[in-house]
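A.B. asks: sharing a model prediction with you, sequence too.
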Amino acid sequence: MALAPLDSTLRDLVDSHSQSLVVDTAYPHVTLTYAQSLDAKIAAAPGKRTLISGPTTKTMTHYIRFKHDAILIGINTVLIDNPSLSCKFSNNVSHFITPIIIDPNFKFSQCKHSKQFISNYKNKINSKPIFIVSDETKIDSTDEFIIFKLPTVNVNDHKQFNWNLLLKSLKSKFEISSIMIEGGATIINELLTTENSSTKNPIVDTLIVTIGPVFLGEHGVGVNPNNQLSIPNTTVWTDNKDIVLFSRFGK
Ligand SMILES: NC(=O)c1ccc[n+]([C@@H]2O[C@H](COP(=O)([O-])OP(=O)(O)OC[C@H]3O[C@@H](n4cnc5c(N)ncnc54)[C@H](O)[C@@H]3O)[C@@H](O)[C@H]2O)c1
Ligand SMILES: Nc1nc(=O)c(N)c(NC[C@H](O)[C@H](O)[C@H](O)COP(=O)(O)O)[nH]1
């Protein structure tokens, strides 16, 4: 289905929040963006794809994709939502975004749905997807995707990547200068409280949160970072349905 027209104020806000203030850095520009309910849930229940935001902010999401080299999500979101991870916004030119999936144990091998983003690569809609897997995983790149191996540490029996190493590696190995991170909950919670190890600023440069006019209740999947967190430099947009909060988070 065609996207709704892009609201011009939203376009200006995305433009002013998508540029790196510091260009010469070892890190890509990181935009963290997601849609949440009024009770800070991003899905109605684990495993349930849930529409929270409306058509105007959906167009904004695709415009944000248009402004970034890559889109990163966690493997659970891939398995639950079967996302297209493509950019449907075009300004006479198409934008080939690179899907990046965080999948230390390569759970993607258990994927039972149609793998939309792989078909999109084969149909020349996306760039070739990159899976980030643990360096202990025995899987190699194929003609459908790139396997990129990184070391992990064990935290509560989970293999954990270091976000600083991961983001710097994406820039140095794949020339990714800007990355949009869409979730899910685990990744959002981690990134909200991760520092850039050189500057000690938040590792996220820009935060864009869409709030839909709905409560999703106690079974919902929540955004709840470990620590208390104040959001600096905020600007708010609304169309009297959704509310979008923009922040130059990392500065
Ligand atoms: N509303 C929104 O904007 C939005 C956006 C994306 C996803 N979602 C929802 O989020 C839910 C999924 O969230 P979730 O938390 O279960 O899954 P997730 O998509 O965040 O994936 C979590 C998995 O990613 C891997 N991972 C994450 N951080 C890692 C790290 N530092 N090192 C190594 N591996 C790491 C692990 O395998 C982990 O189990 C789904 O219901 C989806 O619909 C909502
Ligand atoms: N903006 C937004 N509003 C929502 O109500 C919602 N549930 C998501 N969720 C983001 C999640 O990552 C989805 O899986 C992808 O947004 C799927 O979108 P695509 O198929 O890639 O176009 N995002």
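C.D. replies: Great, that's in hand. Ligands and ions are numbered 1, 2, ... in the order given.
A.B. asks: quick one: pLDDT of the residue of the stretch 101-250 of the chain found nearest ligand 2?
C.D. replies: Residue nearest to ligand 2 within the stretch 101-250 of the chain: Glu182 (4.2 Å; C-beta to the nearest ligand atom). C-beta coordinates here come from the backbone N, C-alpha and C atoms, glycine included. Per-residue pLDDT puts Glu182 at 97.
A.B. asks: for Lys173, which non-adjacent residue is closest in space?
C.D. replies: Phe148 (7.1 Å; C-beta to C-beta, 6 or more residues apart in numbering).
A.B. asks: tell me who's in contact with that neighbour.
C.D. replies: By C-beta atoms under 8 Å, 6 or more residues apart in numbering, the residues touching Phe148 are Ile130, Phe131, Ile132, Val133, Ser169, Lys173, Phe174.
A.B. asks: which bits of the stretch 101-250 of the chain sit near ligand 1?
C.D. replies: The stretch 101-250 of the chain has residues 102, 104, 159-161, 182-187, 190, 221 near ligand 1, with proximity defined as C-beta under 6 Å from any ligand atom.
A.B. asks: enumerate the beta-bridge partners assigned to the residue nearest to Lys173.
C.D. replies: Ile132 (DSSP bridges).
A.B. asks: hmm, which of the residues of the stretch 101-250 of the chain next to ligand 1 are the buried ones?
C.D. replies: Ile102, Pro104, Lys159, Phe161, Glu182, Gly183, Gly184, Ala185, Ile187, Glu190, Val221 (16 or more other C-beta atoms under 10 Å).
A.B. asks: I figured Asn227 was touching Glu190, is that so?
C.D. replies: No - using C-beta atoms under 8 Å, Asn227 makes no contact with Glu190, being 11.5 Å away.
A.B. asks: strands of the stretch 151-251 of the chain, residue ranges please.
C.D. replies: 153-155, 158-160, 178-183, 206-211, 221-222, 234-238, 243-247 (DSSP state E, counting those that start in this stretch).
A.B. asks: quick one: the fifth one to chain centroid distance?
C.D. replies: Centroid separation for strand 221-222 versus its chain: 16 Å, with C-alpha atoms, centre = their mean, to the nearest Å.
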